[in-house]
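# got a structure for you, letters missing:
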């Protein structure tokens, strides 16, 4: 190599006034064969920086994307170039450089770091236990604060991938067990407010459906008969409005239905028995009355329930309670209706947590027009969580959660990464809501982010361990 360089220099000196002046005048360099003859290639090769450390692989001498783990030659006999540990490892296709202006040299060396990334630095050049040279860190290479720089070759080896931050709807389903219960507001009882005797009970049993106004039984009450006679006396004698109103009020106070009062007023007779009617549509839950029995005031004769709308009570675990809100959509499935889902909404979240179960009861109202849902049925409840509005969200793999803080790695391009602490919100369907820290349009690392975070922590540790005069 030295002989070629001396020969080139001698030829260049001889032809400085002649051929050399011609090439200088027309600009550029001679053809490749002449360049080799004049020693230009040898001079350029001598000017290239020499790598240090062990040989990692061999690359095509012309810069083509051809590599080899062992020494080899091209088809025309040229040897592959050895790439050492200290050289930038890149798998990009780069055209061979012909002539380029010399870039500005790096700044002064601040310190030397371990080539294997161990937390060890040195103010002077040295080798590690395997004979690899420590890598110099120049001014401007370690002044980006938390930003971590990774070579392109290393990015490919570690499998780092990033994705764009977008706005999307984040939600998930809270699946809990539940039971079907009656709507407390749609339950009625049939009872008297005075002592009475049952004359006849309608042909109605427990489980039958009744309609509002349907006759349930007929009974005789001495108190109703006495109040009815007084009302009839005032009515026939043309008494004062106040007296007539007082007699009517007594009939209403002892629970005589409005229809029965109207019948007395129309027929001017006190009936021997009074018809007692159903106060609402529904099913008969309980029947305690039989023909001829004596009933006391307030004794329950029938118990009715309207099941056109029914409740489903579900127990939501305490850790899922924060995701459930009033009005959230709910899908109910019962074993008696396979493949069919009934839709409803959360109408109430009970204000207490079960001491034994650590769960809170949630009430869902379900329309039940065909009566398919029956009290005490087992139900599988799916409660939708999350708002309908889209929010800034990242894949779950992008969030590094230590328990006390959450971090994502921002991809700033060209192998530069920055750890960023964020505040997270809801999680669901593989995504996590980000409330603070990043914005829509940023890129976050979703694979190998733990390696970058570890290198960031290592960089911070090295900065703390490096003596003040050696710190960047």
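Everything's here; your move. Bear in mind the structure is a predicted one, so any value in this text is a computation, not a measurement.
# touching, residue 165 and residue 399? I think so.
No: checked against CB atoms under 8 Å, the pair residue 165 and residue 399 is beyond contact range at 11.8 Å. Heads up, the C-betas are built off the backbone N, CA and C, glycines and all.
# for residue 275, which non-adjacent residue is spatially closest?
Nearest residue to residue 275, sequence neighbours excluded (CB to CB, 6 or more residues apart in numbering): residue 215, at 4.9 Å.
# same question for residue 161.
Closest to residue 161 by CB to CB, 6+ apart is residue 447, at 4.1 Å.
# distance of that neighbour relative to residue 409?
Applying CB to CB, to the nearest Å, the value for residue 447 to residue 409 is 10 Å.
# and residue 123, by the same measure?
Counting by CB to CB, the separation of residue 123 from residue 409 is 31 Å.
# so which of those two has more stuff around it?
Shown here are residue 123 and residue 409; by other CB atoms under 10 Å, residue 409 has more neighbours (26 against 13).
# now that one: closest residue in space that isn't a chain neighbour?
Using CB to CB, 6+ apart, the closest residue to residue 409 is residue 445 (4.0 Å).
# give me the element that neighbour is part of.
In the assignment (DSSP states H and E), residue 445 maps to strand 443-447.
# buried stuff in that strand?
By neighbour count with 16 or more other CB atoms under 10 Å, strand 443-447 contains the buried residues 443-446.
# what helices or strands is it leaning on?
Packing partners of strand 443-447 (3 or more CB pairs under 8 Å, 6 or more residues apart in numbering; DSSP states H and E): strand 161-164, strand 391-395, strand 406-413.
# I'd assumed residue 367 was in contact with residue 332.
No: here residue 332 lies out of contact with residue 367, judged by CB under 8 Å, at a distance of 10.7 Å.
# common neighbours of those two, please.
Here residue 332 and residue 367 share the contacting residues 342, 344, scored by CB atoms under 8 Å, 6 or more residues apart in numbering.
# which one's more surrounded, the two?
Neighbour count, other CB under 10 Å: between residue 332 and residue 367, residue 332 has more, with 23 against 12.
# so what's that one scoring on pLDDT?
Residue 332 carries a pLDDT score of 91 in this model.
# how about the nearest residue to it, chain neighbours excluded?
residue 342 is the one closest to residue 332 (CB to CB, 6+ apart), at 4.4 Å.
# counting neighbours, what do you get for that neighbour?
For residue 342, the neighbour count with other CB under 10 Å is 19.
# which residues touch it?
Residues near residue 342 by CB under 8 Å, 6+ apart: 331-334, 366-367, 373.
# keep only those of these that are in strands.
331-334, 366-367 (DSSP state E).
# right, and the pair among those residues with maximum separation?
333 and 367 (15.3 Å; CB to CB).
# helices of the stretch 351-472 of the chain, start to end?
449-465 (DSSP state H, counting those that start in this stretch).
# any idea how far residue 324 is from residue 177?
From residue 177 across to residue 324, the span is 15 Å (CB to CB).
# so for these two, which residue has more residues nearby?
Neighbour totals were compared for residue 177 and residue 324, and residue 324 leads with 19 against 11 (other CB under 10 Å).
# read off the pLDDT value for the more buried one.
Note for residue 324: predicted pLDDT of 87.
# going forward, begin numbering at 412 instead of 1
Will do, 412 is the new start, and the previous item becomes residue 735.
# ok now the strand ranked longest in the chain, how far from the chain's centre?
Ranked by residue count and defined by DSSP E, the top strand of the chain is strand 827-839. Taking CA atoms, centre = their mean, to the nearest Å, one finds strand 827-839 lying 13 Å from the centre of the chain it belongs to.
# what is the burial count for the closest residue to residue 632 other than its chain neighbours?
Excluding the flanking residues, the one nearest residue 632 by CB to CB, 6+ apart is residue 607, at 3.9 Å. Look at residue 607: counted by other CB under 10 Å, it has 26 neighbours.
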